[in-house]
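[1] Generate a structure from the sequence data that follows.
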Amino acid sequence: RPGSRQSPAEARKWHGDAALRHGRGSAAVCRAGHYTIRMNAQAFGLDAAQVRRAFERAAAAGGDAAVLQREVERRMFERLDYIRCRPHRVLDSGCGVGRGLKLLRRHYPEADLLGMDFAPGVLSEAKRKESLFERARRLVSGSARFHLCADFARLPLRAASVDMVWSNLALAWAGDPPAV
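    Numbering: from 1, shown residues only. Prediction:
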């Protein structure tokens with residue numbers, strides 16, 4: 001209940017015992033007398049393997065029903081004009097089938113792009129969807145495009161190894177959003 005004060009007992013009543021565990025799981029955290037609940041994928045019952053398979057099936061089926069994702073991506077892309085940054089390396093965290101990578105390439109033709117997703121089948125589709133023209137343009141410009149299968153909560157990258165992170169609605173699928 002936003003704006004109301006909750007004791008640990010009330011938090012337990014509304015969110016169950018899992019809401020009061022401490023550590024990497026869910027926790028009730030008191031801030032200015034209000035309890036906010038940090039949840040993870042386990043608390044919501046998300047099975048990472050099942051989510052991964054669902055994304056892979058959707059990517060393999062073609063056809064894009066992700067209307068909200070496309071709209072958010074379009075708005076994010078429009079706002080890149082306001083950012084005074086010319087990154088050398090850009091990470092698309094949760095790149096899916098690579099639409100964001102195409103937009104980023106258009107805006108930052110000289111940058112090295114790293115598309116990262118946790119579903120190997122989705123990354124295969126992203127690689128497959130890169131056109132011959134896009135590959136040729138990349139070769140001529142000297143920029144690179146890489147794909148990495150990893151969980152963005154545990155990036156296998158050194159600190160400060162990318163200049164910009166792009167992520168479109170991927171945080172909702174994070175097992176532990178505060179860790180990301």
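[2] Got phi/psi on residue 165?
    In terms of degrees, to the nearest 10, the main-chain angles of residue 165 are phi -120, psi 130.
[3] That one and residue 60: what is the separation?
    Distance of residue 165 to residue 60, given as CB to CB, to the nearest Å: 27 Å. For glycine as for every other residue, the C-beta is placed from the backbone atoms N, C-alpha and C.
[4] before we move on, what about residue 79?
    31 Å.
[5] Neighbour count: the two, which is higher?
    Taking other CB atoms under 10 Å, residue 79 and residue 60 do not tie; residue 60 has more neighbours (12 against 8).
[6] does that one belong to a helix or a strand, and which?
    For residue 60, the element it lies in under DSSP states H and E is helix 48-61.
[7] where does this protein dip in pLDDT?
    1-46, 62-65, 175 (pLDDT under 70).
[8] And the helices in it, which stretches?
    Here the chain has its helices, by DSSP state H, at 8-15, 41-44, 48-61, 67-79, 99-107, 120-128, 132-141.
[9] Find the residue closest to residue 151 in space, skipping its chain neighbours.
    residue 118 (5.1 Å; CB to CB, 6 or more residues apart in numbering).
[10] what's near enough to touch that neighbour?
    By CB atoms under 8 Å, 6 or more residues apart in numbering, residue 118 lies in contact with 48, 52, 94, 149, 150, 151, 152, 173.
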